[in-house]
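J.: Take a look and give me a structure for this.
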Amino acid sequence: MKSFKQKSILSSIRPVLVKMERMHPFRMIIYLVISVFCLIYATLSFFFIRHLAVELEGKYLFDLPDSFVISTIFLVATAHFASNIVPAYNREDISGIRRHLSVLMIAGLVFITTQTFAWLEIIKSDVENVSNNIATYLMVFSSIHFVQMAVGVVMALLAFYEYLLVEKDPVKMLIMTTNPHEKAKLQVFQVYWKFLVLSWLVLFLLMLVAL
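T.: Residues are numbered from 1 along each chain as shown. Now for the predicted structure:
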């Protein structure tokens, strides 16, 4: 009976292991990174909600900075451009890839700037209003995502520079557009950027509903 259970467990796990073995290393790494960040966000969210509901008992007053709203709108709009990167690669549209990457870079820098203004707005607000650790949670959420966004902007910049170098060289462009390794890198970047958008949207909605 025990051996039968073990065999059934192994048979159910085996397809997952086979799929992981076939997965590109870049994909495996990015999924691992995303999983770690999801765990961090989930833990912080739990303590944030617990703090508001149990310790403060719903008795608090805090207004989200307007910069959070602006940065959220800007970031959500970038999902469209991130989704078009791999299709542009499939069409061998190098200029299209660069165009989408440039939009993501600019939008990422705008997001980082608006987040900085949000921090300044929180710091300059009334001390009593910032107390009760609400501002601390907001800044921790924002800081973690700030670092993620900075990494995303650097990734976009490096990819933009790489495709800028090959755009006017037909041979290099042919090698670039037929290399599965290059496509995998763009797919990983696309997944990472979509995670940036989704994670911040979830955090923003959490703060919007909770506060």
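J.: Tell me which other helices or strands the longest helix along the chain touches.
T.: If you go by DSSP state H, the chain has its longest helix at helix 134-166. The contact analysis (3 or more CB pairs under 8 Å, 6 or more residues apart in numbering; DSSP states H and E) places helix 134-166 against helix 25-50, helix 94-124, helix 170-177, helix 180-210. Heads up, the C-betas are built off the backbone N, CA and C, glycines and all.
J.: And that helix, what's buried?
T.: Using 16 or more other CB atoms under 10 Å as the test for burial, helix 134-166 gives 134-135, 137-139, 141-142, 144-146, 148-149, 152-153, 155-157, 159-160, 162-163, 166.
J.: for the nearest residue to D66 once chain neighbours are set aside, what are its contacts?
T.: Nearest residue to D66 in three dimensions, chain neighbours excluded: E121, at 7.7 Å (CB to CB, 6 or more residues apart in numbering). Residues in contact with E121 (CB atoms under 8 Å, 6 or more residues apart in numbering) are 65-67.
J.: Show me which of the residues you listed is closest to M105.
T.: Taking CB to CB as the measure, M105 lies nearest S67 of the contacts of E121, at 19.7 Å.
J.: so where does the closest one fall, helix or strand?
T.: Here S67 sits within helix 66-83, counting by DSSP states H and E.
J.: pLDDT (mean, whole number) over whichever helix or strand comes after that helix?
T.: Using DSSP H and E, the next helix or strand after helix 66-83 towards the C-terminus is helix 85-90. For helix 85-90, mean pLDDT is 88.
J.: Is E92 part of a helix or strand, or is it coil?
T.: Here E92 is coil, with the state taken from DSSP: H, G, I helix; E, B strand; the rest coil.
J.: That one: how many residues sit nearby?
T.: For E92, the count of nearby residues is 13 (other CB atoms under 10 Å).
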